[in-house]
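I would like to see how this sequence folds:
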Amino acid sequence: MRQHLVNQFFDINKLPPEEGILVFPISMSRISNAQSAKDCWEYMKIFSPEKIIRPLVGVNFIYSDLLYFNSSEEAAKLKNKFIQLMLAHKHEFLKILNKNPFYIAKAFMFTSWSQMILDCKEYTTYLGLLKKFYKKDKQFQAYVEEDAKSMGKKLNENQINFILEETLFVYLIAKGKVALKNDYIQGHEKWILLFVMRENYLLQ
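Just a heads-up that it's a prediction; the model follows:
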C-alpha cells in the first residue's frame, strides 16, 4: 500500500531552466481557508528566486468548480456560490500580485474546471475508460475507498465520481493531454509541475 509515503515532504532544489508551468489546483472546499488568496501567495514563496534559474515560469490556477457538482446540493446554488468564490479569490490574489512588482503579472492565469474540460477533446473517453477500470479492479477500488476515508467522506456514487474525475484530471495534466493556456509561456512549456497545496507544507 501507499502508507509509507503519506505526510512525507520532498523539496525541489531548482526548477528546470526551460519554459514551464506551475499548476495550482484550487479546491472549492478550501478556497476560503487553507487555499485563500493570501495562503496561495505564501505557497508561492516555496518557489524562491534561488529555485527559478531563468524567468520562464508561468503559473496556472485551476478552480475545481465543476468537480464539486458531484453533490446532492442544488446546482443553481452551487453555481452562484462558486462564481462568487472564484471571482473573489482571483481579484484578491491580483491585488497582492500588483503590490509585488518583482513578479510578472502576465505569467499568472486563472481557469475553471469547465474550461479545462473544453480543452481536452478526449476527456469523456478517458473518463469512461477509467470508470470501467474502477468497476473491474479491486485494488483500485480499495485505493478510492482509502482516499474517501482519509478525507472523512462517505463512499457513495457522488464521492466515487469526484475521486475518479479528480484523479483523471491530474493524470491528463501531467501527461500534457490538456492545453494549459498561459499568456506568458504561450504554449512553449517543456515541463509541467502540479503543486498540491496542503496546510502542513507551510510548516516545513
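
make it CA atoms for all contacts and neighbour counts henceforth
Noted.

quick one, longest helix in this structure?
The longest helix of the chain (DSSP state H) is helix 75-98.

quick check: which helices or strands does the helix or strand following it pack against?
Downstream of helix 75-98, the first helix or strand assigned by DSSP states H and E is strand 108-112. Packing partners of strand 108-112 (3 or more Cα pairs under 8 Å, 6 or more residues apart in numbering; DSSP states H and E): strand 57-63.

give the partner strands of the strand it packs on in its sheet and their orientations.
Looking at strand 57-63 with DSSP bridges, its partner strands are strand 20-26 (parallel), strand 108-112 (parallel).

and of those strands, who's closest to Glu145?
Ranking the strands paired with strand 57-63 by proximity to Glu145 (Cα to Cα) places strand 20-26 first, at 22.0 Å.

pLDDT of that closest one, averaged?
When pLDDT is averaged along strand 20-26, the result is 93.

thinking again about what came up before, okay, the strands paired with strand 57-63, which one's buried deepest?
When these are scored by mean count of other Cα atoms under 10 Å, the highest mean neighbour count falls to strand 20-26 (a mean of 21).

to Ile52, which of the strands paired with strand 57-63 lies closest?
If you check each of the strands paired with strand 57-63 against Ile52 by Cα to Cα, strand 20-26 wins as the nearest, at 10.6 Å.

got the domain boundaries for this protein?
According to automatic domain parsing, the chain comprises the domains 18-117+180-204, 120-178.

pLDDT value on the residue located most distally from the centre of the chain, please?
Ranked by distance from the centre of the chain (Cα atoms, centre = their mean), the top residue is Lys136, with 27.5 Å. Lys136 is assigned a predicted lDDT (pLDDT) of 96.

and the longest helix of the chain, C-alpha only, in CSV?
Provided in CSV are the C-alpha atoms of helix 75-98 (Å, rounded to 0.1, in the frame of the first residue of the first chain):
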residue,chain,number,x,y,z
ALA,A,75,-26.9,23.0,-9.0
ALA,A,76,-28.1,26.6,-9.2
LYS,A,77,-27.0,27.3,-5.6
LEU,A,78,-23.6,25.7,-6.2
LYS,A,79,-23.1,27.7,-9.4
ASN,A,80,-23.9,31.1,-7.7
LYS,A,81,-21.7,30.2,-4.7
PHE,A,82,-18.7,29.1,-6.8
ILE,A,83,-18.8,32.1,-9.2
GLN,A,84,-18.6,34.4,-6.2
LEU,A,85,-15.8,32.4,-4.5
MET,A,86,-13.7,32.2,-7.7
LEU,A,87,-14.0,35.9,-8.6
ALA,A,88,-13.3,37.0,-5.1
HIS,A,89,-10.2,34.6,-4.9
LYS,A,90,-8.8,35.8,-8.3
HIS,A,91,-9.3,39.5,-7.5
GLU,A,92,-7.8,39.2,-4.1
PHE,A,93,-4.7,37.4,-5.5
LEU,A,94,-4.3,40.0,-8.2
LYS,A,95,-4.4,42.8,-5.6
ILE,A,96,-1.5,41.1,-3.8
LEU,A,97,0.3,40.5,-7.1
ASN,A,98,0.1,44.2,-8.0
